[in-house]
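Enquirer: Okay, here's the prediction I keep looking at, along with the sequence it came from:
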Amino acid sequence: MIEIKIKDEYIKLEQALKLCGEYSLGSDAKYAIREGKVTVNGQTEIQRGKKLRPGDGFSCNGHEYRISGT
């Protein structure tokens, strides 16, 4: 599991996918989410604006990530 550190209270799912390097373009992240290729805390997530807070986990393309605070 790869740790993604954030400074704010939360990060939106689409932003997290770009931050971790899975997608370089927001449009690519948006389509991956809409197509059901991303899970958050074990559940398929289709809202690109889903707020992820420290402790939340998400997975995409076989990689697993966990959000942590600073």
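Expert: Happy to help now that I have it.
Enquirer: Show me the helices in this structure, by range?
Expert: Along the chain, counting by DSSP state H, helices occupy 13-19, 26-34.
Enquirer: So which bits of the longest one are buried?
Expert: Same thing as helix 26-34. Residues 29, 32, 33 are the ones in helix 26-34 that count as buried (16 or more other CB atoms under 10 Å). (C-beta placed from N, C-alpha, C; glycine too.)
Enquirer: Could you dump the residues you listed into CSV and include pLDDT?
Expert: CSV is the format used below for the buried residues of helix 26-34 (pLDDT from 0 to 100):
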residue, pLDDT
29, 93
32, 94
33, 95
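Enquirer: closest to residue 51 among these?
Expert: residue 33 (13.6 Å; CB to CB).
Enquirer: how about that closest one, what does it touch?
Expert: If a contact means CB atoms under 8 Å, 6 or more residues apart in numbering, then residue 33 has 13, 14, 17, 45, 46, 47, 48 as its contacts.
Enquirer: Might you report the residue contacts of the fifth one?
Expert: If I follow you right, that is residue 46. Listed by CB under 8 Å, 6+ apart, the contact partners of residue 46 are 33, 34, 36.
Enquirer: what about the residue nearest to the last one when sequence neighbours are not counted, distance to residue 31?
Expert: Take residue 36 and drop its neighbours on the chain: the residue closest to it by CB to CB, 6 or more residues apart in numbering is residue 44, 5.0 Å away. Residue 44 sits 14 Å away from residue 31 when distances are taken as CB to CB, to the nearest Å.
Enquirer: quick one: contacts of the longest strand along the chain?
Expert: Criterion DSSP state E: the longest strand present in the chain is strand 63-69. Strand 63-69 is contacted from outside by 1-7, 11, 16, 20, 22, 52-59, using CB under 8 Å, 6+ apart.
Enquirer: partners of it in the sheet?
Expert: strand 2-6 (parallel), strand 57-60 (antiparallel) (DSSP bridges).
Enquirer: Residues in a beta bridge with the closest residue to residue 54 other than its chain neighbours, which ones?
Expert: For residue 54, ignoring the flanking residues on the chain, the nearest one in space by CB to CB, 6+ apart is residue 69 at 4.1 Å. For residue 69, the beta-bridge partners are residue 6 (DSSP bridges).
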